[in-house]
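J.: how would this look folded up:
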Amino acid sequence: MTGNSYQVVDIEGNTLTLAKPPERIITMAMYTDNIVLGMLPSKYLVGISQRMDDPKNSAVVPLAKNIPFKVTDYPSAEEIIAQAPDIAIATEWTNKDLVQTLRGAGIPVFVCKYAKNVEDVKLAVRMVGQVLQKEEKAELMIGEMEKELAVIKEKVDKIPEGERKHLLLLGGMKGYGGTGTIFDDMCRLAGVKNSRAEVGVNKGNPLTKELILKANPDVIVLPNYDDHGTIDQTGDFMREYIDDPALQQIKAIKNREIKLPREYYTYNSSQDVVYGIRELAYMAYGDTFAQADNRHISFSGEK
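T.: Residues are numbered from 1 along each chain as shown. The predicted structure follows:
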């Protein structure tokens, strides 16, 4: 290494040597978009997830609108290469062929940890901080996470074990929310019992109506995402589940404890996962856990 060059090691053990901190960054996932935006102004991102400018899905819409190129769920290598990034930040589930093609084109690719729990989120923040040479900001972000977690814990600890709610997530990602997902860890920290996990639904497994009956949750959380107003997930799930005559004896349906969360909180595995934990507690326990819209942990200097 010479001059200002430095090395970083990604989650797969690949060593990258970078001549200087990246100034043209593209990431392959919303959570890494959020992490980068917590460290650097939006001008450093040459591409951002197509969902980051959707107010139902993103807490940083004004920042995302500054970035013209939107990365789809399945971007082509040609699209990424055309943005001339200094680095592409991939995830453990990014298409391996795409990663190899980008590397073959001379673009450094850093594979970041995909979080299955809150401790993994902290690792991902630190990894991105190392890549961007923003380790101090990474630690500041983690410090803010710890502060919020402490506030939540203090409130949760006051809820007697016998009064903890059983919460069932019904979402667009049908394999999401059971054991082995970050949602399960979020439930634990929110002081709610994850009904998917309680009936043995693991990561990637489907949730049947028979299992919903078995779970008999106190609270049901429905999807609130509408893809810029083009779909009606809430209505679809209401018709399929909440209006189903066979499910009317479930406590959540009988008591009309049907909740619509802010999805940019509940489906967030960046540093802002702490606000997702608080949102779940709010769905279950009400105003004690109320919070403002569009909270985002950032030390980028950009609002």
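J.: Tyr285: what's it in contact with?
T.: Ile159, Lys165, Gly191 (CB atoms under 8 Å, 6 or more residues apart in numbering). The C-beta positions use only the backbone N, C-alpha and C, and glycine is treated the same way.
J.: most neighbours among those residues, which one is it?
T.: Gly191 (24 neighbours; other CB atoms under 10 Å).
J.: give me the nearest residue to it, chain neighbours excluded.
T.: Val156 (3.5 Å; CB to CB, 6 or more residues apart in numbering).
J.: now do the contacts for Thr32.
T.: Thr32 neighbours (CB under 8 Å, 6+ apart): Ile89, Thr91, Cys112, Ala124, Val128, Ser270.
J.: which of those residues fall in strands?
T.: Ile89, Thr91, Cys112 (DSSP state E).
J.: ok, how many other residues are close to the first one?
T.: What it means is Ile89. 27.
J.: tell me what Asn202 is bridged to.
T.: Thr179 (DSSP bridges).
J.: follow-up on the earlier one: nearest to Ile25, of the contacts of Thr32?
T.: Taking CB to CB as the measure, Ile89 is the one of the contacts of Thr32 closest to Ile25, at 6.8 Å.
J.: same list (the contacts of Tyr285) but as a markdown table, adding distance to Ile80.
T.: Below are these laid out as a markdown table (distance: CB to CB, whole Å):
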| residue | distance to Ile80 |
| --- | --- |
| Ile159 | 46 |
| Lys165 | 43 |
| Gly191 | 41 |
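J.: may I see the buried residues of the worst-scoring helix or strand of the chain on mean pLDDT?
T.: Using mean pLDDT, DSSP states H and E, helix 233-237 stands out as the lowest-scoring helix or strand of the chain, at a mean of 85. Residues of helix 233-237 classed as buried: Gln233, Thr234, Phe237 (neighbour count, 16 or more other CB atoms under 10 Å).
J.: name the nearest residue to the last one, ignoring sequence neighbours.
T.: To tie it back to what came earlier, the one meant is Phe237. Per CB to CB, 6+ apart, closest to Phe237 is Leu222, 4.9 Å.
J.: please name every helix or strand in contact with the top helix by length along the chain.
T.: When the chain is parsed with DSSP state H, its longest helix is helix 135-156. Identification of packing neighbours for helix 135-156 by 3 or more CB pairs under 8 Å, 6 or more residues apart in numbering; DSSP states H and E yields helix 118-132, helix 182-190, helix 273-285.
J.: let's see 6 Å
T.: Counting contacts by 3 or more CB pairs under 6 Å, 6 or more residues apart in numbering; DSSP states H and E, helix 135-156 is packed against helix 118-132, helix 273-285.
J.: and the angle from the shortest one to helix 135-156?
T.: Spelled out, it's helix 273-285. Calculated by axes from the mean of the first three to the mean of the last three CA atoms, to 10 degrees, helix 273-285 forms an angle of 10 degrees with helix 135-156.
J.: dump helix 273-285 to PDB, restricted to CA.
T.: Coordinates of each C-alpha in helix 273-285 appear next as PDB, following Å, rounded to 0.1, in the frame of the first residue of the first chain:
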ATOM      1  CA  VAL A 273     -33.700  -0.800  13.100                       C
ATOM      2  CA  VAL A 274     -34.000   0.700  16.600                       C
ATOM      3  CA  TYR A 275     -36.900   2.800  15.400                       C
ATOM      4  CA  GLY A 276     -38.500  -0.400  14.000                       C
ATOM      5  CA  ILE A 277     -38.200  -2.000  17.400                       C
ATOM      6  CA  ARG A 278     -40.000   1.000  18.900                       C
ATOM      7  CA  GLU A 279     -42.600   0.800  16.200                       C
ATOM      8  CA  LEU A 280     -43.400  -2.800  17.100                       C
ATOM      9  CA  ALA A 281     -43.700  -1.800  20.800                       C
ATOM     10  CA  TYR A 282     -46.000   1.000  19.700                       C
ATOM     11  CA  MET A 283     -48.200  -1.400  17.700                       C
ATOM     12  CA  ALA A 284     -48.600  -3.600  20.800                       C
ATOM     13  CA  TYR A 285     -48.600  -1.100  23.800                       C
END
